[in-house]
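[1] Sequence first, predicted model second:
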Amino acid sequence: MNIVLDKCNIKNIMSAKLWIEDGSRSDPKNKKGIHQIIGSTILRGCGPYNNNQLADIVESSGAILNCDTYEDGLLISLKCIESDAYKLIPLIGWMITQPTLEEDQIELEKDLTIKAIKRQKESTYQIAFDGWRKMIYANGPYGHDPLGSIKDINKLERKHILPIAKSLLIRKKNLVISGHFPDDIDNYIKNSKAFEKINQSNLADKNISEILKSSDLIIHQNKNIYTKSLRTQQVILLLGKATIRYNNEEDILLRLISCYLGYGMSSILFKVLREKYGVVYEAGIYHPIRENKTPFLMHASTTEEKAVFTLQLLKECWETIIDNEISAEELHLLKIKYRGQIAHSLQSVSQRAEHKAHLLGIGLTKDHDKEILYRLERISSKEIRNAANKYLKDPCLSICSNKEVIQKVCKKWNI
């Protein structure tokens with residue numbers, strides 16, 4: 001386990017983030033959601049503590065302890081005051097080395113996860129995104145939500161969960177602690193009984209990520225549009241592509257494009273869709289950090305009457321960045337915005353720790369942002385346009401609305 005300490009001049013508060021390699025992308029076939037269930041259940045008893053004892057320790061300290069499941073990994077998060085570090089840090093170790101995974105707690109988490117999935121399905125945007133994701137990634141590692149599927153979760157038993165939970169011990173792990181913490185915290189962790197098995201473990205088995213990298217993440221789809229008819233007057237439009245890994249040297253160019261198109265009131269989407277034409281309730285760009293094929297999506301929410309025109313404007317905004325170079329003035333502003341975007345995302349100790357743990361978890365260095373900002377100065381408009389032409393041509397559309405609107409939009413899309 002790699003430990004990174006990030007001292008900050010903040011009084012008495014510390015945040016610890018443990019990134020464990022491989023999340024929902026490694027859910028076995030017909031067990032979609034198993035990593036979500038593991039991540040939530042290891043919070044319900046570990047080491048010498050049962051569910052109630054663990055909750056009492058955390059809550060009596062006024063601390064926060066969570067475990068979130070992402071496509072590329074599990075993230076255990078602890079936020080507490082410095083004086084409670086020695087009491088609470090071992091909990092992270094016990095969650096990995098000795099989770100109790102009691103039957104009743106597994107069933108409770110299954111029930112809570114199923115309810116969360118049902119709430120998701122009430123969101124028109126989520127339905128549109130799920131459809132786009134399925135169209136692009138099919139049944140591949142990125143083809144389902146980290147929460148999983150209700151059908152698969154209902155079938156999960158403790159015997160299915162135990163071997164996956166055991167595998168957490170040998171997966172690559174990066175622990176980042178930010179804020180104000182005891183000076184010897186790293187030595188304390190290395191000598192702690194709670195972390196003993198982690199420190200002794202060897203990656204003798206073939207790593208899951210190696211298997212992942214050898215498999216196809218994208219199935220060549222035979223269509224470029226997904227539609228879902230609902231009884232609603234709302235219209236959700238998603239336009240996007242699967243692009244490249246975050247550690248690809250050209251990823252920064254796509255980050256600048258997403259910033260140019262969708263970040264702030266000076267962005268193209270805001271100026272065109274909101275200020276100039278007023279056709280949308282909401283519009284933006286979804287471009288997360290992913291270890292593999294990263295989705296790059298424009299999204300917009302509009303009305304029945306404005307749906308066709310909104311699609312036309314989305315396509316024009318998309319094609320603008322492909323057909324034209326950004327002006328020198330726009331490029332200068334864009335670089336300022338991007339620096340601000342990075343600074344804004346790293347304001348709190350929790351954000352700092354999580355970002356560093358995430359970067360390390362996908363194979364980058366803790367100083368990756370500094371390297372990117374150094375390179376930023378030399379990036380040209382021509383490079384940005386070339387990246388757009390290389391990675392953003394021929395996007396796929398997902399639309400959710402009523403039947404009449406879908407027919408009109410499909411007609412416009414196929415012209």
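    Looks like it came in fine. Residues are numbered from 1 along each chain as shown.
[2] how is the chain carved up into domains?
    Structural domains annotated on the chain: 2-211, 225-413, as defined by automatic domain parsing.
[3] Save these as TSV, and put in mean neighbour count too.
    (C-beta placed from N, C-alpha, C; glycine too.) Putting the domains of the chain into TSV (neighbours: other Cβ atoms under 10 Å) gives the following:
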stretch	mean neighbour count
domain 2-211	18
domain 225-413	18
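[4] Including mean pLDDT, could these go into a markdown table?
    Formatted as a markdown table, the domains of the chain follow (pLDDT from 0 to 100):
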| stretch | mean pLDDT |
| --- | --- |
| domain 2-211 | 91 |
| domain 225-413 | 93 |
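[5] ok, then the element right after the helix or strand where D56 lies?
    Assigned by DSSP states H and E, D56 falls within helix 51-60. Downstream of helix 51-60, the first helix or strand assigned by DSSP H and E is strand 64-69.
[6] Restricting the selection to alpha carbons, write the helix or strand following that following strand to PDB.
    Under the assignment DSSP H and E, the closest C-terminal helix or strand after strand 64-69 is strand 73-81. Coordinates of the C-alpha atoms in strand 73-81 are reproduced here as PDB (Å, rounded to 0.1, in the frame of the first residue of the first chain):
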ATOM      1  CA  GLY A  73     -12.200   1.700  -7.900                       C
ATOM      2  CA  LEU A  74     -13.500   1.800  -4.400                       C
ATOM      3  CA  LEU A  75     -12.900   4.900  -2.300                       C
ATOM      4  CA  ILE A  76     -12.900   4.700   1.500                       C
ATOM      5  CA  SER A  77     -13.100   8.200   3.100                       C
ATOM      6  CA  LEU A  78     -12.400   9.300   6.600                       C
ATOM      7  CA  LYS A  79     -12.700  12.900   7.900                       C
ATOM      8  CA  CYS A  80     -11.900  13.700  11.500                       C
ATOM      9  CA  ILE A  81      -9.900  15.900  13.900                       C
END
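[7] Can you name every helix or strand that strand 73-81 contacts?
    In terms of contacts (3 or more Cβ pairs under 8 Å, 6 or more residues apart in numbering; DSSP states H and E), strand 73-81 is packed against strand 13-21, helix 34-41, strand 64-69, helix 85-97, helix 349-361.
[8] Ok, which of these comes nearest N154?
    The closest of the helices and strands packed on strand 73-81 to N154 is helix 34-41. By Cβ to Cβ, the value is 11.2 Å.
[9] what angle separates that closest one from strand 64-69?
    If you take axes from the mean of the first three to the mean of the last three Cα atoms, to 10 degrees, helix 34-41 sits at 170 degrees to strand 64-69.
[10] Of all the helices and strands packed on strand 73-81, which one is nearest L54?
    Of all the helices and strands packed on strand 73-81, helix 85-97 sits nearest to L54, with 6.9 Å by Cβ to Cβ.
[11] separation between Q105 and H35?
    Relative to H35, Q105 is positioned 16 Å away (Cβ to Cβ, to the nearest Å).
[12] try E107
    Here E107 is placed at a distance of 17 Å from H35 (Cβ to Cβ).
[13] cool, L376 as well?
    Applying Cβ to Cβ, the value for L376 to H35 is 35 Å.
[14] Following the chain onward from the helix or strand harbouring E107, which element is next?
    With secondary structure defined by DSSP H and E, E107 is part of helix 103-120. Downstream of helix 103-120, the next assigned helix or strand under DSSP H and E is helix 124-137.
[15] What is that following helix packed up against?
    Where contact means 3+ Cβ pairs under 8 Å, 6+ apart, helix 124-137 is packed against strand 225-229, strand 234-242, strand 295-303, strand 396-401.
[16] Torsion angles phi and psi at the closest residue to A116 other than its chain neighbours?
    In space, and not counting its chain neighbours, A116 is closest to L147: 5.8 Å by Cβ to Cβ, 6 or more residues apart in numbering. When read as degrees, to the nearest 10, the backbone of L147 gives phi -70, psi -30.
[17] In this structure Y277 contacts E316, no?
    No - when contacts are counted by Cβ atoms under 8 Å, Y277 is not listed as touching E316 (10.8 Å).
[18] Now for E196: which residues touch it?
    By Cβ atoms under 8 Å, 6 or more residues apart in numbering, the residues touching E196 are 93, 97.
[19] Please determine how far it is located from N2.
    As for E196, its distance to N2 is 17 Å (criterion: Cβ to Cβ).
[20] try I127
    Per Cβ to Cβ, I127 is found 39 Å from N2.
[21] which residues does V308 contact?
    With Cβ under 8 Å, 6+ apart, V308 has these contacts: 408-409, 412.
[22] With I321 instead?
    Taking Cβ under 8 Å, 6+ apart as the test, what I321 contacts is 257, 260-261, 268, 384-385, 388, 392.
[23] give me the element it is part of.
    Counting by DSSP H and E, I321 is found in helix 307-323.
[24] how about that helix as CSV, C-alpha atoms only?
    Output of helix 307-323 as CSV, limited to C-alpha atoms (Å, rounded to 0.1, in the frame of the first residue of the first chain):
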residue,chain,number,x,y,z
ALA,A,307,-36.6,20.1,-28.7
VAL,A,308,-35.7,20.0,-32.5
PHE,A,309,-34.1,23.4,-32.4
THR,A,310,-32.1,22.5,-29.3
LEU,A,311,-30.7,19.4,-31.0
GLN,A,312,-29.8,21.6,-34.0
LEU,A,313,-27.9,24.0,-31.7
LEU,A,314,-26.2,21.2,-29.8
LYS,A,315,-24.9,19.8,-33.1
GLU,A,316,-23.7,23.2,-34.2
CYS,A,317,-21.8,23.7,-30.9
TRP,A,318,-20.3,20.3,-31.3
GLU,A,319,-19.3,20.9,-34.9
THR,A,320,-17.9,24.3,-34.1
ILE,A,321,-15.0,22.9,-32.1
ILE,A,322,-14.3,20.4,-34.9
ASP,A,323,-14.4,22.8,-37.8
